[in-house]
Structure formats: structure tokens, C-alpha cells
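Visitor: coordinates only, sequence not included:
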């Protein structure tokens with residue numbers, strides 16, 4: 001059994017994977033505001049749910065830059081220099097513990113599930129914030145694993161600002177006073193596509209990905225904005241820069257969990 005933990009800005013999702021790759025038990029709890037509370041809650045929950053089972057590995061996803069098991073900065077949680085690996089050491093006995101950025105993991109899973117694994121895939125999660133994962137040849141790119149696309153500085157409404165500040169799920173709610181699930185206006189969805197396009201127009205000429213995969217809670221509504229987004233990219237990208245294929249994640253809100261699974265398989269195979 002493999003155990004996956006997706007630490008989000010509002011909730012922490014936990015799931016187990018059976019030997020055949022199917023999700024077993026799954027549960028969630030509100031992400032506490034402090035690292036101490038989160039650690040204590042997670043330890044209790046994992047012990048209660050999986051303490052009597054045989055666990056091969058635990059993979060913990062964090063919503064921010066992760067280096068050597070330390071969450072350097074989780075923007076939406078305001079956690080800094082949190083040594084996750086040390087805090088959770090031995091959480092399920094001798095099971096090895098791996099800690100990685102959530103968008104990297106989601107990108108890993110979504111790229112592996114494409115019909116053909118492209119040379120370079122850019123995964124972007126649009127939820128509370130905006131995160132990114134750059135996957136080359138089906139692996140998390142080691143040189144770009146600390147990239148934070150949501151921090152990209154682009155112009156919007158005449159002001160240079162972080163992409164996440166105007167295109168994330170949180171920003172969309174602030175702008176329109178509604179959650180994505182309640183937005184039905186075709187015009188509003190077009191303006192959302194425009195917001196999302198701004199970051200891609202800055203990133204695509206640099207990375208030139210073969211495919212862009214959009215996940216997260218806003219990615220769930222890809223059918224409302226995907227066509228407009230593709231049109232905007234084709235319209236505004238320089239003529240010599242090909243517009244990549246833009247697709248919806250197969251598991252918009254479970255991509256991180258599946259990424260934990262693939263990451264564990266790779267890590268155990270390499271051990």
C-alpha cells in the first residue's frame with residue numbers, strides 16, 4: 001500500500017493506493033493554519049487509518065517550493081522553512097517518506113497518462129493559487145523543479161503583477177463575487193480565459209512546451225474557457241512560436257494524489 005498526502009491551501013486530501021494502482025481509502029480534513037497543528041492532525045489521521053496496514057511509502061505534496069524535504073515557502077499557507085521530512089519522520093513506521101511540490105507531482109501524473117509522453121509538458125494548476133510542473137520525457141525536470149509560474153510578472157489592467165494575483169481561483173472569486181461553479185455567463189468565462197492567457201503568453205515563448213495541461217479546481221471547468229484560451233494564445237503568440245496543444249487534466253482535483261503514486265513507484269524502483 002502507498003499513502004499519498006495532498007496538502008492544499010484549504011484542505012488536505014489523503015488517499016491510499018492498492019497494489020493494482022487503484023485508490024483505496026480516501027479522506028480529507030481542513031488544512032490547519034500552523035505547521036504544528038497540521039503535523040499533529042496528519043499524524044493522528046494516518047495512524048488511525050493506516051497504522052495497522054503494511055505501507056510501502058508515504059509521499060507528501062506541499063503547495064510551494066520544496067528542497068531536501070523542506071518546504072521553503074508555501075505562499076497561500078504562509079509557511080516558511082518548514083522541515084516536513086523531519087516533522088513527519090517515522091510517521092508510519094519504517095515506510096520511506098518523500099516530500100515534493102504538489103504541481104510537480106500533478107504534472108508527473110497527468111503527463112504519464114497522456115496517450116504519448118511528449119518531450120516537454122507544462123502542467124498548471126489553477127486553484128486557490130497557481131502552481132506549475134515542468135515535465136520532460138515523463139520525469140519532473142530536475143533543473144526546473146523549483147519553477148513557480150504563478151509568480152510570473154505580467155501586465156494586467158495596466159499594472160505589472162504576479163499572474164496568480166489576478167488569475168487564480170481566489171482572484172476570480174474576488175473579481176466576480178462567485179465561485180467558478182456558480183459562474184454561468186459566457187462573457188465572464190471569456191474574461192477569465194483572458195486572465196489565464198496572460199501568464200501563458202509570457203511563459204510559452206520561453207519553454208515552448210509540446211502540451212499544456214490545466215488542472216486544479218478551475219481546471220474542472222475547462223469546457224467553459226478552454227476554447228477561448230486556445231484562441232487567445234493563437235491570436236497573440238508571435239507567428240514563429242507554435243501554440244501548444246492545451247488540454248484538461250484527466251483528474252483535475254486528484255492529479256496530485258496520482259502524482260504521489262507515480263513518484264513513489266519511481267523512487268522505490270530506484271532504491
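Guide: Happy to help now that I have it. As the structure is a prediction and not an experimental result, all values here were calculated from the model.

Visitor: so who does residue 220 touch?
Guide: 180, 252-253 (Cβ atoms under 8 Å, 6 or more residues apart in numbering). To be clear about C-beta, it is placed using only N, CA and C from the backbone, and glycine gets the same treatment.

Visitor: ok, now with 6 Å
Guide: Contacts of residue 220 were listed using Cβ atoms under 6 Å, 6 or more residues apart in numbering, and they are residue 252.

Visitor: how many other residues sit next to residue 269?
Guide: 7 (other Cβ atoms under 10 Å).

Visitor: helix or strand: which one has it?
Guide: Per DSSP states H and E: residue 269 is located in helix 255-270.

Visitor: average pLDDT for that helix?
Guide: Across helix 255-270, pLDDT averages out at 94.

Visitor: so where's the stretch 51-200 of the chain uncertain?
Guide: Along the stretch 51-200 of the chain, the model assigns pLDDT under 70 to no residue.

Visitor: strands along that one, start to end?
Guide: Along the stretch 51-200 of the chain, counting by DSSP state E, counting those that start in this stretch, strands occupy 57-62, 65-67, 70-74, 79-83, 97-101, 120-126, 130-136, 139-140, 153-156, 159-162.

Visitor: take these and lay them out in CSV including distance to residue 190 and mean neighbour count.
Guide: Putting the strands of the stretch 51-200 of the chain into CSV (distance: least, Cβ to Cβ, whole Å; neighbours: other Cβ atoms under 10 Å) gives the following:
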stretch, distance to residue 190, mean neighbour count
strand 57-62, 32, 25
strand 65-67, 33, 18
strand 70-74, 32, 19
strand 79-83, 35, 16
strand 97-101, 31, 23
strand 120-126, 16, 28
strand 130-136, 19, 26
strand 139-140, 33, 18
strand 153-156, 15, 14
strand 159-162, 21, 13
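
Visitor: right, and residue 241 touches residue 203 too?
Guide: No - if you go by Cβ atoms under 6 Å, residue 241 and residue 203 don't touch, sitting 11.1 Å apart.

Visitor: looking at those two, which one has more neighbours?
Guide: residue 203 (21 against 13).

Visitor: that one falls within a strand, correct?
Guide: No - read with DSSP: H, G, I helix; E, B strand; the rest coil, residue 203 is helix and lies in no strand.

Visitor: leaving out the residues flanking it, which one is nearest to it?
Guide: Residue nearest to residue 203 in three dimensions, not counting chain neighbours: residue 149, with 5.9 Å by Cβ to Cβ, 6 or more residues apart in numbering.
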